[in-house]
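Trainee: with the input below, show me the fold.
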Amino acid sequence: MRGGAHPNPSVGFKEFVALTAALMATQAISIDAMLPALPTIGASLHVANPNHTQLIVTSYVIGMGIGQLFWGLLSDRYGRRPIMISGLMVYVVAAVLSGLATNFTVLLTLRLTHGVAAASVVVARSAIRDQFSGRQMARVMSLTLILFLMIPVIAPTLGQLVLAVAPWRSIFLLFGAYAALVFLWVLLRMPETLHPEYRLTLNREQVTRAVALVLGQRQSVCYTLAMAVMFGSILAYVGMVQQIFQDVFHRAALMPVVFALCASLMAVTSYLNSRIVERLGMRAISQTGLLIFISFTALHTLVALTGLERLWTFVLLQSVTMACLGLTGSNFGAMAMEPVGTVAGVGASLQGFISVTGGALVGAAVGKWFNGTTLPLAFGQLLCGVTSLLLVFYAEHGRLFTAQHAVTVAAETPG
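Mentor: Presented below is the predicted three-dimensional model:
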């Protein structure tokens, strides 16, 4: 590692990756573990429209997007470590209070607050950017994503096990307990990665310059929007998957298994990306993955439209679709961050706000289409893929794989 000051210099590469992954996983566990509980929560809090239970996920994700506007900025002023610690403290309190909510509106408000607190882990991305650049940064992000994706593999099953022995409110207590453990790990072991000389003073002129730098970079903006759209396709799946298995296939008990399968395949492709990205490059891998994503979501749409959808077709096609996301997400994120390394905190904040909030709105819009079939999900994901491809085309001036090669090589060379 290179760059920031280390109050705990004994932290090695592997622990740094594991710790940043654990931080990011606090976001995922608060979504995935509760998916089996959505119908139970809806019935307990008297939610009339079953589609509205998706708002428990959406409000949390929107809170994450809002929170990223200021957590990253504050981390550029005060350092990464204090923000992580403060955010985790609020997270624990919000999780516990969510478990005590007595009506649906209160729960959604607390989930929004919970999401704002969870957004504090966006500074983990800034910490990675403090230490690495270019293809090496993409490799670290991929390794982090692999560990991060272990949460979706086990979380729905964990949530289902909790429901089997305890009320749904206990799931929120589980979120708080996990975050408390991560808090202790950060408190004891997390180094400060932001060097004092790179800290911002947060005056209006400096912040305005930083924002202008981030929003003025064509590559940064386009790949951030592409991330938002692709994240929306994931959230559409997350929001609808419980209803699909319950109302379409009448096999609700199988949902955690299929969810784990899809997450596992994303982890496998993320690991593959970490192994080959320094040799093949971010563009070749992510854009190939995007084209495959579009092909399989188009096939899925055709299968659903013609009434040929079966449980095995859904599992197969959705698994390949989600696997492709393991080749796009971390690379899109790295390419979005690369031009704004001098203001990594502001860059991560704005990009996080746009990608997460935009993804939440896209996912919610697609989720509202649910009509008792898999067609809305398949077609919605196809639209996400095509939109993302158009954004990539614009970012790369109409070319794929080799666009702006000279500029890319210069930007991606470490050091």
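Trainee: secondary structure element for L194?
Mentor: For L194, there is no helix or strand it lies in under DSSP states H and E.
Trainee: what is the burial count for it?
Mentor: Taking other Cβ atoms under 10 Å as the criterion, the count of residues near L194 is 26. No exception for glycine: its C-beta is placed from N, CA and C like everyone else's.
Trainee: ramachandran angles for it?
Mentor: The phi and psi values for L194, taken as degrees, to the nearest 10, are phi -90, psi 120.
Trainee: hmm, V320 and T269 touching each other?
Mentor: No. Counting by Cβ atoms under 8 Å, T269 stays clear of V320, with 10.0 Å between them.
Trainee: contact partners for L361?
Mentor: Applying Cβ atoms under 8 Å, 6 or more residues apart in numbering, we find L361 in contact with I62, G232.
Trainee: which one is R81 nearest to, not counting chain neighbours?
Mentor: E192 (4.6 Å; Cβ to Cβ, 6 or more residues apart in numbering).
Trainee: got it, and A364?
Mentor: Nearest one to A364, counting by Cβ to Cβ, 6+ apart, is T58 at 4.6 Å.
Trainee: next, the buried residues of stretch 169-187.
Mentor: Neighbour-count burial for stretch 169-187 flags R169, I171, F172, L173, L174, F175, G176, Y178, A179, V182, F183, V186 (criterion: 16 or more other Cβ atoms under 10 Å).
Trainee: among the residues you listed, which are located in helices?
Mentor: Here DSSP state H is the test, and the buried residues of stretch 169-187 give R169, I171, F172, L173, L174, F175, G176, Y178, A179, V182, F183, V186 as lying in helices.
Trainee: against L350, how distant is the residue nearest to A364?
Mentor: Using Cβ to Cβ, to the nearest Å, one gets 21 Å for the distance from T58 to L350.
Trainee: low-confidence regions, the stretch 301-415 of the chain specifically.
Mentor: 341-345, 402-415 (pLDDT under 70).
Trainee: one more time with 90
Mentor: Within the stretch 301-415 of the chain, the set of residues satisfying pLDDT under 90 comprises 326, 329-330, 333-356, 368, 397-415.
Trainee: with the stretch 51-200 of the chain instead?
Mentor: Going by pLDDT under 90, which is the cut-off in play, the stretch 51-200 of the chain has low-confidence ranges at 51, 65, 67-80, 119-155, 189-200.
Trainee: switch to 70 and redo it
Mentor: 146-149, 200.
Trainee: just the endpoints, please. Distance across stretch 365-372?
Mentor: Stretch 365-372 stretches 16 Å from its first residue to its last (Cα to Cα, to the nearest Å).
Trainee: which helix or strand contains the closest residue to N273 other than its chain neighbours?
Mentor: When the adjacent residues along the chain are set aside, N273 lies closest to S142, with 4.6 Å between them (Cβ to Cβ, 6+ apart). Following DSSP H and E, the helix or strand that holds S142 is helix 134-148.
Trainee: so after that helix, what's the next helix or strand?
Mentor: From helix 134-148, the next helix or strand downstream (DSSP H and E) is helix 150-165.
Trainee: list the contacts for F296?
Mentor: By Cβ under 8 Å, 6+ apart, F296 lies in contact with L317, V320, T321, C324.
Trainee: give me the pLDDT for it.
Mentor: The score at F296 is 97. That number is its pLDDT.
Trainee: for it, what are phi and psi?
Mentor: In this entry, F296 is assigned phi and psi values of phi -80, psi -30 (degrees, to the nearest 10).
Trainee: how close does it get to L302?
Mentor: In this view, F296 and L302 are 11 Å apart by Cβ to Cβ.
Trainee: not counting sequence-adjacent ones, nearest residue to L350?
Mentor: Spatially, and ignoring its direct neighbours in sequence, L350 is nearest to V214 (5.0 Å; Cβ to Cβ, 6+ apart).
Trainee: how many residues are close by that neighbour?
Mentor: As a burial measure, the neighbour count of V214 was computed by other Cβ under 10 Å and equals 23.
Trainee: which helix or strand contains it?
Mentor: helix 204-215.
Trainee: alpha carbons of that helix, as CSV, please.
Mentor: Coordinates of each C-alpha in helix 204-215 appear next as CSV, following Å, rounded to 0.1, in the frame of the first residue of the first chain:
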residue,chain,number,x,y,z
ARG,A,204,-17.1,27.0,-0.6
GLU,A,205,-14.6,27.7,-3.3
GLN,A,206,-12.7,24.5,-2.7
VAL,A,207,-15.8,22.3,-2.6
THR,A,208,-17.2,24.0,-5.7
ARG,A,209,-13.9,23.3,-7.6
ALA,A,210,-14.0,19.7,-6.5
VAL,A,211,-17.6,19.2,-7.6
ALA,A,212,-16.9,20.9,-10.9
LEU,A,213,-13.9,18.5,-11.4
VAL,A,214,-16.1,15.5,-10.7
LEU,A,215,-19.1,16.5,-12.8
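Trainee: what residues of that helix count as buried?
Mentor: Within helix 204-215, the residues that count as buried by 16+ other Cβ under 10 Å are V207, A210, V211, L213, V214.
Trainee: now the strands for the protein?
Mentor: Listed in chain order, the strands found in the chain under DSSP state E amount to none.
Trainee: residues in contact with the nearest residue to P152 once chain neighbours are set aside?
Mentor: Once its chain neighbours are removed from consideration, P152 has its nearest residue in A263; the separation is 3.6 Å (Cβ to Cβ, 6+ apart). Contacts for A263 were tallied using Cβ under 8 Å, 6+ apart; they are L149, M150, I151, P152, V153, M322.
Trainee: S59 versus the last one, what's the distance?
Mentor: M322 is 23 Å from S59, where distance means Cβ to Cβ.
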